[in-house]
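**Student:** when you get a sec, could you give me coordinates for this:
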Amino acid sequence: MKNKGMQYDTLALIGSLLIAVSAKIKVPMWPVDMSLQTLAIFTIGAVFWFEARSCNDIAISRRGRVGVSRLSRNTGTWNRFRVYGWPNRGYLVGYVLMVAITGWTADRGWWRNPSKIGAAMFVGELILLMFGALWLTYLFGVPQGIAYGVGPFVFPVMLKLALAAGIVSVLGNVVRSRLQ
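**Tutor:** The predicted model follows:
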């Protein structure tokens, strides 16, 4: 593809579809089901450089405005907490910062080395969990904020980080070489 606009539109479509599908893939856990959405967001953040990520973000926000769901919905324990406010708010802030950190380091070539991009993703994930736990602490207090905002995610996060770092190192070569 020679046309940059068409390339970015294609990447935005692929990214949007990847996030939507990954949000629907669930692994049953307590207190929340694990989705593959973080894995998809890490991969998109690291593989797509700034302009393409921006196009993907715009496409995602447009879909949200017309009512197309793009976020993982949980049918488990969290439903009873909805009366207190949307428990995902802290995580949504954290996702933006997580992608910014992952993308910024990837734009500097870290995507070529699984250890480096994995470290950047780890920092991004810590920020994501911190914002999520802070919001839950605000809603429910310190013990519940930490227990529900961080505890259930430690093992799944490590698994998704390892997968994402490997995927990015391989997929980054393919995507970036075709779009240069």
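
**Student:** going by C-alpha atoms from here, please, whenever you check contacts or count neighbours.
**Tutor:** Fine.

**Student:** so what's Tyr91 up against?
**Tutor:** Tyr91 makes contact with Leu128, Leu129, Phe131, Gly132 under the criterion C-alpha atoms under 8 Å, 6 or more residues apart in numbering.

**Student:** can you do 6 Å?
**Tutor:** Residues near Tyr91 by C-alpha atoms under 6 Å, 6 or more residues apart in numbering: Leu128, Phe131, Gly132.

**Student:** of the residues you listed, just the buried ones, ChimeraX syntax please.
**Tutor:** Of those, the buried ones go into a single ChimeraX selection, burial set by 16 or more other C-alpha atoms under 10 Å:
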select :128,131,132
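
**Student:** the contacts of Tyr91 in helices, which ones?
**Tutor:** Among the contacts of Tyr91, the ones falling in helices (DSSP state H) are Leu128, Phe131, Gly132.

**Student:** same list, those, but as a markdown table with distance to Val174 and pLDDT please.
**Tutor:** Formatted as a markdown table, the ones in helices among the contacts of Tyr91 follow (distance: C-alpha to C-alpha, whole Å; pLDDT from 0 to 100):
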| residue | distance to Val174 | pLDDT |
| --- | --- | --- |
| Leu128 | 28 | 91 |
| Phe131 | 33 | 94 |
| Gly132 | 33 | 91 |
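
**Student:** which one among those gets closest to Tyr148?
**Tutor:** Minimum distance to Tyr148 across the ones in helices among the contacts of Tyr91 is 9.3 Å, recorded for Gly132 (C-alpha to C-alpha).

**Student:** can you give me the distance of that closest one to Tyr138?
**Tutor:** Applying C-alpha to C-alpha, to the nearest Å, the value for Gly132 to Tyr138 is 10 Å.

**Student:** just to revisit the earlier point, any chance of JSON lines for the contacts of Tyr91, columns distance to Asn113?
**Tutor:** Below are the contacts of Tyr91 laid out as JSON lines (distance: C-alpha to C-alpha, whole Å):
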{"residue": "Leu128", "distance to Asn113": "22"}
{"residue": "Phe131", "distance to Asn113": "27"}
{"residue": "Gly132", "distance to Asn113": "28"}
